[in-house]
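[1] Show me how the following folds:
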Amino acid sequence: MSFSDLFDSGFKNRNKGHFSAIVRVALSDGEITTEEKAFLDKLATKLEISSEEYEEILENPTKYPINPPVLYNNRLERLYDLARMVYADHILGPKQKDILTRFALALGFTPSNVNFIVDKALSLLVLNVDLDTFIFEMKNMNK
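    Sure thing, here's the model as predicted:
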């Protein structure tokens, strides 16, 4: 096995873990709604989750370990990606803020400030900011 195969495997497993964590969030209220299913379909494509892996994760989302980002920058990067997907095409409609709040909590943002973080993230997406600007603004939102 080559070094690149090891890297690809680790990257793929991290994506599966990330996807399974989001499936767990979607299932936290007991069911996956039509809007959440559309979001999961889109996310699976972005994370290069095969249809077989997708079905496997839906059946048993606890199979893959959750790998929450330890570093704040990485957490903000994942929030940016998720917020863009939630915001794009308004797939989730009026549930955008609720689902993004659940995802933000799963990423490790604290309940005491998660609503503020989600509001700020969505307002930055309205402005169509890039990742670097998003991270800068999120880090400096209290200043």
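[2] In three-state terms, how would Lys63 be classified?
    When states are read from DSSP: H, G, I helix; E, B strand; the rest coil, the local structure at Lys63 comes out as coil.
[3] residues in contact with it?
    With contacts defined as CB atoms under 8 Å, 6 or more residues apart in numbering, the neighbours of Lys63 are Ser20, Glu56, Ile57. To be clear about C-beta, it is placed using only N, CA and C from the backbone, and glycine gets the same treatment.
[4] next one: Leu127
    If a contact means CB under 8 Å, 6+ apart, then Leu127 has no contacts.
[5] which phi and psi does it have?
    With angles defined as degrees, to the nearest 10, Leu127 shows backbone torsions of phi -80, psi 0.
[6] Mind splitting the chain into its structural domains?
    The chain is divided into the following domains under automatic domain parsing: 1-67, 69-143.
[7] would you turn these into CSV with mean pLDDT?
    As requested, the domains of the chain are arranged in CSV below (pLDDT from 0 to 100):
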stretch, mean pLDDT
domain 1-67, 79
domain 69-143, 85
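[8] Endpoints of stretch 59-69, how far apart?
    For stretch 59-69, the separation between the terminal residues is 24 Å (CA to CA, to the nearest Å).
[9] tell me, what residue is most central in this structure?
    Most central residue of the chain, judged by C-alpha distance to the mean C-alpha position with CA atoms, centre = their mean, is Leu82 at 4.0 Å.
[10] which residues touch stretch 70-77?
    The set of residues that contact stretch 70-77 without belonging to it, under CB under 8 Å, 6+ apart, is Pro68, Pro69, Leu107, Gly108, Phe109, Leu131, Phe134, Ile135, Met138, Lys139.
[11] just to revisit the earlier point, tell me the one among the contacts of Lys63 nearest to Asn115.
    Ranked by distance to Asn115 (CB to CB), the contacts of Lys63 are led by Ser20 at 25.5 Å.
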